[in-house]
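In: here are the coordinates; sequence isn't available:
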């Protein structure tokens with residue numbers, strides 16, 4: 001993608017917007033960990049911007065919450081003051097998501113009116129708008145799953161909501177990087193390193209998705225030891241559900257074990273990327289590989305600490321933020337690695 005001063009300005013705007021997405025993801029994690037996501041029982045994209053004002057409005061919101069299973073089965077007897085606490089988390093989550101839409105639409109309109117958006121960039125920007133809209137719809141679809149019968153949201157929908165957020169983030173980071181510092185053609189070919197970086201960029205969101213199932217099933221509250229789970233590496237409950245594939249998604253012990261295996265594999269891959277790239281002549285890739293190693297070390301420390309302490313909210317949020325940091329490092333390493341040389345004729 002060719003760049004100019006206007007394109008770089010768009011790239012800087014998208015980089016800031018990516019930061020807003022990065023902040024939204026741990027805010028969503030805090031909402032989940034505090035079990036606040038079901039406190040707002042209606043989806044009101046416009047009027048929902050205004051929080052309850054006055055005792056009557058708060059009483060009305062609380063009355064709606066008292067009709068759902070989470071209150072009846074888990075939180076019966078909750079006071080209005082306690083309700084306001086969980087409501088605030090979900091309100092901030094939804095408000096920040098709305099601000100994301102404003103922070104995308106208004107600059108897009110400004111750049112568009114001034115004809116500063118290159119023609120080839122329009123499909124990407126429109127794609128970001130569409131993906132953001134899909135993310136909002138997925139968010140409500142997720143919340144809706146916990147408003148009847150269940151006392152929490154579906155772990156399947158939670159994972160879909162997180163993966164879509166990460167896809168939106170990756171698309172934004174990549175586009176911003178292309179506009180600010182386009183990829184150069186690789187001077188040398190290291191197919192092993194190329195494949196390793198690409199695999200890491202895929203493994204990080206896959207690991208995060210498996211973590212969403214851990215969060216959705218509250219599987220981090222069990223087997224708070226590492227590396228053993230009970231008397232062995234594999235929990236005795238693994239394989240208890242039938243058919244077998246349900247253990248991958250519905251068995252808390254199995255889900256936690258799978259997350260451990262996937263996370264360990266991702267960590268090993270991150271270390272390998274750093275090791276393989278440590279003597280590269282590509283200065284950008286060298287810096288990015290060091291970023292990958294630092295982020296991976298931090299994330300594995302956060303993950304183990306979160307598990308051993310039975311998922312305190314602050315550590316759980318930090319662990320989710322660490323996943324975003326590692327994903328950023330992987331994306332920047334992939335971008336810094338450059339393009340494959342063009343095929344040339346004889």
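Out: That came in fine, so what should we check first? From a predicted model like this one, the values you see are computed outputs, not experimental measurements. Residues are numbered from 1 along each chain as shown.
In: Thought residue 296 was touching residue 271, still the case?
Out: Yes: counting by CB atoms under 8 Å, a contact exists between residue 271 and residue 296, whose distance comes to 6.6 Å. Where you see a C-beta, it was placed from the backbone N, CA and C, and this is true even at glycine.
In: between these two, which one's more packed in?
Out: Between residue 271 and residue 296, counted using other CB atoms under 10 Å, residue 296 has the larger neighbour count: 26 against 15.
In: tell me the contacts of the closest residue to residue 218 other than its chain neighbours?
Out: Across the structure, with CB to CB, 6 or more residues apart in numbering as the measure, the residue nearest residue 218 apart from its sequence neighbours is residue 252 (7.1 Å). Residue 252 makes contact with 217-219, 222, 237 under the criterion CB atoms under 8 Å, 6 or more residues apart in numbering.
In: now, the most widely separated pair of those?
Out: Longest distance between any two of these is 14.6 Å, between 218 and 237; criterion CB to CB.
In: between those two, which one's more packed in?
Out: Here residue 218 and residue 237 are compared on neighbour count by other CB under 10 Å; more neighbours surround residue 237, at 18 against 15.
In: The more buried one: what secondary structure?
Out: coil (DSSP: H, G, I helix; E, B strand; the rest coil).
In: Pull the contacting residues for the closest residue to it other than its chain neighbours.
Out: Beyond its immediate neighbours in the sequence, the residue positioned closest to residue 237 (CB to CB, 6+ apart) is residue 253, lying 4.0 Å away. For residue 253, the contacting residues are 219, 222-223, 229, 235-238, by CB under 8 Å, 6+ apart.
In: got a winner among these for most neighbours?
Out: residue 219 (23 neighbours).
In: quick one, what contacts that residue?
Out: With contact set as CB under 8 Å, 6+ apart, residue 219 has these partners: 213, 252-253, 255-256, 259.
In: And it, how far from residue 298?
Out: From residue 219 across to residue 298, the span is 22 Å (CB to CB, to the nearest Å).
In: Residue 29 now?
Out: Summarising the geometry, the distance separating residue 29 from residue 298, computed by CB to CB, is 16 Å.
In: And these two? Which one has more around it.
Out: Applying other CB under 10 Å to residue 29 and residue 298 shows that residue 29 carries more neighbours, namely 24 against 16.
In: can you pull the contacts of the residue nearest to residue 208 when sequence neighbours are not counted?
Out: The spatial neighbour of residue 208 that comes closest, neighbours along the chain excluded (CB to CB, 6+ apart), is residue 323 at 4.7 Å. Residues near residue 323 by CB under 8 Å, 6+ apart: 25, 204, 207-208, 211, 299.
In: Name the nearest of the residues you listed relative to residue 317.
Out: residue 25 (9.7 Å).
In: How is the closest one classified with respect to secondary structure?
Out: Reduced to three states by three-state DSSP, residue 25 is helix.
In: do the same with the one 10 residues further on
Out: Using three-state DSSP, the structure places residue 35 in coil.
In: what residues are up against it?
Out: By CB under 8 Å, 6+ apart, the contact set of residue 35 is 70, 74, 86, 152.
In: Just the ones in strands from those, please.
Out: If you go by DSSP state E, those have nothing in strands.
In: For these, which entry has the maximal number of neighbours?
Out: Neighbours were tallied for each of the contacts of residue 35 (criterion: other CB under 10 Å), and the maximum of 23 neighbours falls on residue 70.
In: Check whether residue 241 really touches residue 251, as I assumed.
Out: Yes: contact status for residue 241 versus residue 251: in contact at 5.1 Å, counting by CB under 8 Å.
In: Can I get the contacts of residue 219 in JSON lines including secondary structure and pLDDT?
Out: Output for the contacts of residue 219, formatted as JSON lines (DSSP: H, G, I helix; E, B strand; the rest coil; pLDDT from 0 to 100):
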{"residue": "213", "secondary structure": "helix", "pLDDT": "97"}
{"residue": "252", "secondary structure": "helix", "pLDDT": "97"}
{"residue": "253", "secondary structure": "helix", "pLDDT": "97"}
{"residue": "255", "secondary structure": "helix", "pLDDT": "98"}
{"residue": "256", "secondary structure": "helix", "pLDDT": "98"}
{"residue": "259", "secondary structure": "helix", "pLDDT": "98"}
